[in-house]
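[1] below: sequence and its predicted model.
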Amino acid sequence: MELEEIYIYGRNPVEEQLTEDPGKVEKIFIRDGAGGSQLKRIRENASTHRIPVSNVPGNKLFQLLGKVNDQGIAALISPVRHISFDEWIAETDAGPETAILLLDQIEDPHNFGAILRSAAAAGISAVVIPKHNQAPVSAAVFKSSAGTAGRIPIVRTGNLNQTIRTLKEHKFWVAGLNPSAERSLWELETGYPVAFVIGSEGEGIRKKTGELCDLHYSIPMLNRVESLNASVSAALLCFEWNRRVFHSGNGRESSS
């Protein structure tokens with residue numbers, strides 16, 4: 001299934017979407033110079049839900065929407081609804097078979113989609129993404145995920161580091177993938193809820209985020225290869241966790 005990017009436009013439709021289902025709003029575009037009390041309310045509502053708002057020239061809206069009466073505003077809507085982290089953690093009863101991925105600013109939509117596909121296939125419980133500097137669940141992401149984007153909860157958070165602290169309060173261990181880590185992924189420990197941090201394509205895990213991790217794992221590589229694509233690394237991690245949890249004789253077997 002291939003989805004097109006979905007834009008809504010006009011002040012009333014955007015405000016109604018923010019009121020009824022803000023979890024689907026990825027980003028809001030407002031034309032430079034546009035004002036009024038309704039746009040002020042929209043900005044305030046977007047800020048409350050930590051939805052990014054960009055001021056753009058009028059020709060940008062034309063590029064996005066074509067020749068329509070946009071009233072100076074448009075919003076990008078995700079084809080998959082996000083869940084807030086607070087909502088997800090309140091409903092989650094984490095146990096030894098619970099693992100989630102924390103994406104630290106994955107901006108390439110193809111990497112993001114491939115990560116979602118691997119996570120769904122390996123039995124990962126959720127994928128947590130930041131609201132900023134993160135690829136939205138667009139048509140490209142949905143296509144790269146081979147339609148699996150809607151099969152695993154996508155949890156959005158305003159502050160990844162605070163999310164890590166909260167996960168620790170809920171008995172999660174937090175592990176980062178780091179090419180320079182001494183501990184090999186083949187030494188992965190299981191038996192408790194775990195959150196795996198996957199760093200961005202260029203920078204890896206940010207310093208402060210890395211410092212919050214309880215431990216780090218590296219993927220052993222030969223032939224002087226220094227690192228792997230973020231989605232490839234995530235796939236190896238997901239299935240090594242799956243193998244140890246579901247195929248070690250201590251957990252249930254995954255269905256093929």
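    Received the coordinates, thanks. Numbering: from 1, shown residues only.
[2] centre of the chain to stretch 32-51, how far?
    24 Å (CA atoms, centre = their mean, to the nearest Å).
[3] now swap in stretch 163-175 and tell me
    Distance of stretch 163-175 from its chain centroid, counting by CA atoms, centre = their mean, is 17 Å.
[4] mind listing what's buried in the helix or strand hosting residue 211?
    In this structure, residue 211 is located in helix 207-212 according to DSSP states H and E. Neighbour counts using 16 or more other CB atoms under 10 Å place 209, 210, 212 of helix 207-212 among the buried residues. Just so you know, the C-beta spots here come from the backbone N, C-alpha and C atoms, and that holds for glycine as well.
[5] residues contacting the first one?
    So that's residue 209. Contact partners of residue 209, counting by CB atoms under 8 Å, 6 or more residues apart in numbering, are 104, 160, 161, 164, 176, 197.
[6] cutoff 10 Å now
    Neighbouring residues of residue 209 by CB atoms under 10 Å, 6 or more residues apart in numbering: 102, 104, 105, 130, 160, 161, 163, 164, 174, 176, 197, 199.
[7] out of those residues, who's nearest residue 119?
    Residue 119 lies nearest to residue 102 out of the contacts of residue 209, by CB to CB, at 11.3 Å.
[8] just checking, the closest one touches residue 205?
    Yes - with contact defined as CB atoms under 10 Å, residue 102 and residue 205 form a contacting pair (9.3 Å).
[9] before we move on, the earlier item: narrow the contacts of residue 209 to those in strands?
    Taking DSSP state E as the definition of strands, the contacts of residue 209 contribute 102, 104, 130, 174, 176, 197, 199.
[10] are any of those residues buried, and which?
    With burial judged by 16+ other CB under 10 Å, the buried subset of the ones in strands among the contacts of residue 209 is 102, 104, 130, 174, 176, 197, 199.
[11] any idea how far the fourth one lies from residue 246?
    Remark: distance between residue 174 and residue 246 (CB to CB, to the nearest Å) = 21 Å.
[12] what do you get for residue 148?
    Residue 148 sits 18 Å away from residue 246, going by CB to CB.
[13] likewise residue 149?
    In this view, residue 149 and residue 246 are 23 Å apart by CB to CB.
[14] who's more crowded, the two?
    For residue 149 and residue 246, the more surrounded residue by other CB atoms under 10 Å is residue 149, and the numbers stand at 25 against 18.
[15] mind listing what the spatially most central residue of the chain touches?
    When CA atoms, centre = their mean is applied to the chain, the residue found nearest the centroid is residue 129 (2.7 Å). Applying CB under 10 Å, 6+ apart to residue 129 gives the contacts 82, 85, 101-106, 112, 115-116, 135-137, 154-157, 160.
[16] how about the contacts made by residue 28?
    For residue 28, the contacting residues are 8, 14, 17-18, 39, 42-43, 45-46, 51-54, 73-76, by CB under 10 Å, 6+ apart.
[17] pLDDT score for residue 111?
    Looking at residue 111, its pLDDT reads 92.
[18] so who does it touch?
    Neighbouring residues of residue 111 by CB under 10 Å, 6+ apart: 103, 135, 141, 144, 198, 200-201, 229-234.
[19] just for the stretch 101-250 of the chain, where's the confidence low?
    139-140, 142-143, 147, 249-250 (pLDDT under 70).
[20] quick one: the strands in it?
    In the stretch 101-250 of the chain, the strands defined using DSSP state E, counting those that start in this stretch lie at 126-130, 154-157, 173-177, 194-199, 215-217.
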